[in-house]
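Asker: heads up, no residue letters with this:
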């Protein structure tokens, strides 16, 4: 039934009120219909794949992080901070985003916020050296040499 309806609509020369009579163009119409069906299936498959990727938390957090890094390269620290916060909402244990956001907060003279973010990054990933280095530098700025040596 569906083939009948589709062939009727895709057949050359169809007009409202005309009746369907398979003729010489039936093979061409069938091939054209198959092409449209394949195109529709391909578009639908791409949509499903893209929707699945956007739901993956690792992909989402990495997109936010990459966007934040692009903003930093352009000198737009406030926009970068928003993107890093978005990445941390997706994964609070994302050490790279916490460290980058901490650096921004330190530049904006928010030492307490930077300290909390550096601590969060070190707690999430003790082997992530940029977070340990930033925390050590913060201790040096606060004249706490023993804590800075511990982080180094």
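Answerer: Happy to help now that I have it. All values reported here derive from a predicted model rather than from experimental measurement. Numbering: from 1, shown residues only.

Asker: close enough to count as contact, residue 104 and residue 83?
Answerer: No. Taking contacts as CB atoms under 8 Å, residue 104 lies outside contact range of residue 83: 10.4 Å. Any C-beta I mention is one placed from the backbone N, CA and C, and that applies to glycine too.

Asker: Helices of the chain, residue ranges please.
Answerer: Counting by DSSP state H, the segments of the chain that form helices are 2-10, 26-55, 57-73, 77-90, 95-107, 111-124, 129-141, 145-151.

Asker: and those, which one's lowest on average pLDDT?
Answerer: For the helices of the chain, mean pLDDT drops lowest on helix 2-10, to a mean of 52.

Asker: Can you give me every residue that contacts residue 68?
Answerer: 79-84, 87, 97, 100 (CB atoms under 8 Å, 6 or more residues apart in numbering).

Asker: That one - nearest residue in space that isn't next to it in sequence?
Answerer: Leaving aside its sequence neighbours, residue 68 sits nearest to residue 83 (CB to CB, 6 or more residues apart in numbering; 3.4 Å).

Asker: show me the contacts for that neighbour.
Answerer: Counting by CB under 8 Å, 6+ apart, residue 83 has contacts 64-65, 67-68, 71.

Asker: now do residue 107
Answerer: Taking CB under 8 Å, 6+ apart as the criterion, residue 107 is in contact with residue 77.

Asker: One more: the one 10 residues further on?
Answerer: Shown in contact with residue 117 (CB under 8 Å, 6+ apart): 98-99, 101-102, 105.

Asker: nearest to residue 59, of the residues you listed?
Answerer: residue 98 (18.7 Å; CB to CB).

Asker: gap between the closest one and residue 55?
Answerer: Distance of residue 98 to residue 55, given as CB to CB, to the nearest Å: 23 Å.

Asker: What of residue 120?
Answerer: Going from residue 120 to residue 55 by CB to CB gives 25 Å.

Asker: more crowded one of these two?
Answerer: Using other CB atoms under 10 Å, the more surrounded residue of residue 120 and residue 55 is residue 120, with 21 against 8.

Asker: didn't that one look like it was pressed against residue 92?
Answerer: Yes. Between residue 120 and residue 92 there is a contact at 7.3 Å, judged by CB under 8 Å.
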